[in-house]
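>>> Sequence first, predicted model second:
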Amino acid sequence: MSTWQAVAVGIIPSIGVALVFWLAMRAVIRADRSERQALARIDEQQAADAVAGSPSGSPEQGSSAASVATPAPAPASDESQ
């Protein structure tokens with residue numbers, strides 16, 4: 001085997017692994033970008049719905065206070081008598 005063939009046999013697997021790694025990282029980065037865009041769209045839609053649904057126009061005053069459960073008061077005991 002000549003010298004250039006030996007070099008090619010040694011380098012080609014490394015190039016193949018680098019190509020697979022590059023494709024995998026590209027897919028991960030694109031998926032992350034798409035997920036961030038989707039989450040931004042959902043946040044914008046929720047903010048618009050909260051502003052449209054609240055009477056004062058403030059998203060903080062939406063239904064968050066109504067969804068918080070308050071514990072029931074404990075019955076008074078007459079043990080002190």
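Looks like it arrived, so ask away.

>>> alpha carbons only for contacts and neighbour counts from here, please
Fine.

>>> Show me what the host helix or strand of residue 30 is packed up against.
With secondary structure defined by DSSP states H and E, residue 30 is part of helix 3-53. Counting contacts by 3 or more C-alpha pairs under 8 Å, 6 or more residues apart in numbering; DSSP states H and E, helix 3-53 packs against no other helix or strand.

>>> Low-confidence regions, the protein specifically.
Low-confidence segments of the chain (pLDDT under 70): 54-81.

>>> again, only this time at 80
Judged by pLDDT under 80, the chain has its weakly predicted residues at 1, 54-81.

>>> can you count the residues close to residue 2?
6 (other C-alpha atoms under 10 Å).

>>> How about residue 49?
One way to gauge burial is a neighbour count; for residue 49, by other C-alpha under 10 Å, it gives 13.

>>> if I look at it, how far off is residue 41?
Here the distance between residue 49 and residue 41 works out to 12 Å (C-alpha to C-alpha, to the nearest Å).

>>> Burial check on residue 5, number of neighbours?
For residue 5, the neighbour count with other C-alpha under 10 Å is 10.

>>> actually residue 28, sorry about that
By other C-alpha under 10 Å, the residues close to residue 28 number 12.

>>> For residue 13, see how far away it is.
As it turns out, when the distance is counted by C-alpha to C-alpha, residue 28 lies 23 Å from residue 13.

>>> Pull the contacting residues for residue 13.
Shown in contact with residue 13 (C-alpha atoms under 8 Å, 6 or more residues apart in numbering): no residues.

>>> switch the cut-off to 10 Å
By C-alpha atoms under 10 Å, 6 or more residues apart in numbering, the residues touching residue 13 are residue 19.

>>> go on, residue 19?
Remark: with contacts taken as C-alpha under 10 Å, 6+ apart, residue 19 is in contact with 13, 25.

>>> Kindly report the same for residue 29.
Neighbour list for residue 29: 23, 35 [criterion: C-alpha under 10 Å, 6+ apart].
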